[in-house]
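Trainee: Give me a 3D structure for the following:
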Amino acid sequence: MATYMEQIYLTIVLAPLIGALLAGLAGKIIGRSGAHWVTITGVGVSSILSMIAYKYHVFDGGETYNQTLYTWLSSGGMDFKIGFLIDSLSVTMMVVVTFVSWMIHIYTIGYMYDDPGYQRFFSYISLFTFSMLMLVMSNNFLQLFFGWEAVGLVSYLLIGFWYKKETAIFASMKAFLVNRIGDFGFLLGIAAIFMAFNTLDYAAIFSNVAQHADSTIVILGDEPWSLMTVICICLFIGAMGKSAQVPLHVWLPDSMEGPTPISALIHAATMVTAGIFMVSRMSPLFELSDTALSFILVTGAITALLMGLLGLVQNDIKRVIAYSTLSQLGYMTVALGASAYAAAMFHLVTHAFFKALLFLGAGAVIIVMHHEQDMRKMGGLYKVMPITWICCLFGTLALIGFPGTAGFFSKDAIIEAIRHSTLAGSDFAYFSVVVGVFITALYSCRLFFMTFHGEQRIDIETWKHLHEAPFVVTVPLIVLAIPSLILGAFLIEPMLFGDYFGDAVHVAESHDVLAHMGGDYHGISGFLLHAIQHPLVLLLMSAGIFVAWLCYIKFPDFPAKLVSKFGFVHRILLNKYGLDDLNQRLFAKGAIRIGQLLWRFGDINIIDGFFVNGTARSVRVFSSMVRHLQSGYLYHYAFAIIIGLLVLLAVFVHGILN
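Mentor: Presented below is the predicted three-dimensional model:
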């Protein structure tokens, strides 16, 4: 059985890679249709096999698979290996990544139909899926870092896919550089782990982690630091970059410059969830540092609250959803900080489906609107796009946590988990996620009302030609809408209060907020009843819907009056709290000035002036002196020979006498 499953795991990883290579290297041979067939087939095979692996590990209780495939490098007695760790945690990510990616591959046929880079795009998104699978299936930090960097590289290629567009070039470079900041911290964390454990293998590290619980390290001065706190904070800095937490969030909204399928792929189930998965996988380490957990808790709370507020003032349909992703990632991060890793993964799973649904729904609108993305130029689209309208309604309800939807169970579970937490920063985190419920409902319904309802703000000629999106676009929407509605009810009990994750996630007894919640859990109906009996969250969600209806349906002129009265606040939000300007002026322009300074003094004066040009001048001066010795007269050479012999004779005689 082990050999059979090993073949399945290898196929899951290699199928998208083969599709990517065929579409990328043989694109001209297999043509446009061939490119989408090989990649869709590859990812489809990977998705189906991931479901088989999911059944084996989750439903059948199959043993954890942890094997090395081959040794990549041996150096100084240390082996760097490539291998797989497949358990309930990794197999859950495998199903989510491959299935959502599969739907996006199918959707791309309709969205990118006329694009000249059709084959290249399919090659990139399939390669992205391979990279993400390598990340989530790894059993050591070397392979994890490979997948970590690979998704960063391919995201750079995908965000800047339209490379002739200046804004796309800027966005891809911004994403790449900001993620390098996070990756620097991540690499320091891995280096500290290697220093402490002398291995990069997960199993070996986790089995010996208790020995280093009280270990310290000196970084600056003589003050000792907790080794586990340093390791965990460094690792989390990497997660801040990948999962776009404040202040390393600035790349994600600009990544909307890429095609819409990429927005769904990066922001829903893949790249931005890598940090959430990584912290969950490293739970045995994080549980040894309350300081690191509090840092994660507060960072997630700030992101959930502040990024949700920015979604209120965006008019680009994709950017509203992008800021929504930032906010929801904040919710997941808060759950990690409260040691509710299962709740974070639960929301990751549900969010993957309804957020992919919303992005693809926005893409369907953009297609029929001839790539218009400004919601102020939409309205009334439910009349001509009924399938997209109902699918986006389901996605919106799941996002705001409407009772019974997938988002309701996962988001309420996080809020309840934070309420039970006693870690430093938990009170602020609880305030942030509760207020975030109102903000989420407000910006989500604002998007839905401005796009599909209210006054028709589309010119008559365009309206006459509007129609439902193509079949190949609407099918993935329908498929994604189903789990967006019902998945939460199926997963809440086993994932949060059962033994779903088993040994894949470790929680210290003093941090186990989900265990406290489990004592009060009495089934799905009981969870719904609890929400009604403690109606704060439901009231805030309902208030958000009502305010959105008032402002964008009943009194559509009211938001403009509000802006004129509170223009200062509106400008702060439009300016994104000045963080983009700060990055641009302090870091980007600062780096340019430092580079210019180094070029002027280092390159021109030292490298060119002293080494390159200085060497050339020295050779020229020495040559001008030596060339006088080459006169061409025989008696000059004879004289030099005689002088030389006399010198050698003097040296020889001096040596004998002494």
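
Trainee: Am I right that Lys81 sits in a strand?
Mentor: Yes - looking at Lys81 with DSSP: H, G, I helix; E, B strand; the rest coil, it is inside a strand.

Trainee: Could you double-check that it lies in contact with Tyr202?
Mentor: No - using CB atoms under 8 Å, Lys81 is not in contact with Tyr202; the gap is 11.2 Å. (Glycine included, C-beta is placed from N, CA and C.)

Trainee: anything in contact with each of those two?
Mentor: Common contact partners of Lys81 and Tyr202 (CB atoms under 8 Å, 6 or more residues apart in numbering): Asn140.

Trainee: Name the residues of stretch 200-216 that are buried.
Mentor: 200-202, 205-206, 209, 212 (16 or more other CB atoms under 10 Å).

Trainee: what comes into contact with it?
Mentor: Looking at what lies outside stretch 200-216 - CB under 8 Å, 6+ apart - the contacts are 66, 80-81, 85, 139-142, 190, 193-194, 196-197, 199, 224-228, 281, 284-285, 288, 506.

Trainee: which ones among the residues you listed are found in strands?
Mentor: 66, 80-81, 85, 224-226 (DSSP state E).

Trainee: where's the dip in pLDDT among those?
Mentor: Lowest in pLDDT among the ones in strands among the contacts of stretch 200-216 is Phe80, which has 80.

Trainee: Once you drop chain neighbours, what's closest to that residue?
Mentor: The shortest distance from Phe80 to any non-neighbouring residue, by CB to CB, 6 or more residues apart in numbering, is to Leu73 (4.3 Å).

Trainee: and that neighbour, what helix or strand is that in?
Mentor: strand 65-75 (DSSP states H and E).

Trainee: Would you mind pulling up the elements that that strand packs against?
Mentor: For strand 65-75, the packing partners by 3 or more CB pairs under 8 Å, 6 or more residues apart in numbering; DSSP states H and E come out as helix 2-25, strand 78-86.

Trainee: From the chain's centroid, how far away is the longest one?
Mentor: Same thing as helix 2-25. 23 Å (CA atoms, centre = their mean, to the nearest Å).

Trainee: same for that helix, what does it pack against?
Mentor: helix 27-54, strand 65-75, strand 78-86, helix 88-111, helix 118-136.

Trainee: Repeat the analysis, applying 7 Å as the threshold.
Mentor: helix 27-54, strand 65-75, helix 118-136 (3 or more CB pairs under 7 Å, 6 or more residues apart in numbering; DSSP states H and E).

Trainee: same thing with the last one?
Mentor: Identification of packing neighbours for strand 78-86 by 3+ CB pairs under 7 Å, 6+ apart yields strand 65-75.

Trainee: tell me which residues in the strand it packs on are buried?
Mentor: Tyr65.

Trainee: center of the chain - which residue?
Mentor: Val272 (2.3 Å; CA atoms, centre = their mean).

Trainee: Now do the same contact list for the nearest residue to that one once chain neighbours are set aside.
Mentor: Distances taken as CB to CB, 6+ apart place Ser243 nearest to Val272, at 5.3 Å, with adjacent residues excluded. Each residue near Ser243 by CB atoms under 7 Å, 6 or more residues apart in numbering is listed here: 272-276, 329, 333.

Trainee: Farthest pair within those?
Mentor: Greatest spatial distance in those: Ala274 and Thr333, 12.6 Å, computed using CB to CB.

Trainee: Can you pick out the residue with more neighbours from these two?
Mentor: The neighbour comparison of Ala274 against Thr333 (other CB atoms under 10 Å) goes to Thr333, with 32 against 25.

Trainee: and the gap between that one and Leu297?
Mentor: Between Thr333 and Leu297 the computed distance is 8 Å (CB to CB, to the nearest Å).
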